[in-house]
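Peer 1: Give me a model of this one.
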Amino acid sequence: MGNEYFRRMEQGEEEEEVERRWVEHSSAAYMPEELPVEWQSWLRHTRPHPPSEEEVAALEARRQQVAQRVAVLEAREKEEVAALEAREEGAAAVLEEAAGWRPPSGEPRRQGSDSDSNSRE
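Peer 2: Sure, this is the predicted structure:
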């Protein structure tokens, strides 16, 4: 069961009628950012009418499409980073072998080249 939205007309300070809007959340573990933006807009009086069921359904479908696309892009980025790291490790191994340097077993590879460390001394 979802959130329930309400409105009521009340008397304002200047005797004018003021519409009060509020939501009763479906969960005790409610987080404000979980409230759909179209409902946030209505509750804050930035839109005059509550969203229709069709609008809510269309926006939810759009949010799901975006989430799927984000997941695909994040997976692709993770693969690209892993491939780049593998290439960098392979290039470092080739350079170390060409220079004739091998790290002792269990010791991590050095960062930079021997010429860099000599120029700092």
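
Peer 1: Quick one: the helices in the protein, in order.
Peer 2: 37-43, 53-99, 114-120 (DSSP state H).

Peer 1: Single out the most deeply packed of those helices.
Peer 2: Highest mean neighbour count among these (mean count of other Cβ atoms under 10 Å): helix 37-43, with a mean of 16. For glycine as for every other residue, the C-beta is placed from the backbone atoms N, C-alpha and C.

Peer 1: Show residues contacting that helix.
Peer 2: Here helix 37-43 makes contact (Cβ atoms under 8 Å, 6 or more residues apart in numbering) with 3, 5, 21-23, 35, 47, 49-51, 55-56, 59.

Peer 1: So what pairs up with Arg21 in the strands?
Peer 2: Arg7 (DSSP bridges).

Peer 1: Would you confirm that it contacts Met9?
Peer 2: No - applying Cβ atoms under 8 Å as the test, Arg21 and Met9 come out as separate, 10.6 Å apart.

Peer 1: So for these two, which sits in the more crowded spot?
Peer 2: Per other Cβ atoms under 10 Å, whichever of Arg21 and Met9 has more neighbours is Arg21, with 14 against 9.

Peer 1: Could you measure from the more buried one over to Ala61?
Peer 2: Look at Arg21 and Ala61: by Cβ to Cβ, to the nearest Å, they are 25 Å apart.

Peer 1: Ser27 too?
Peer 2: On the measure of Cβ to Cβ, Ser27 and Ala61 end up 22 Å apart.
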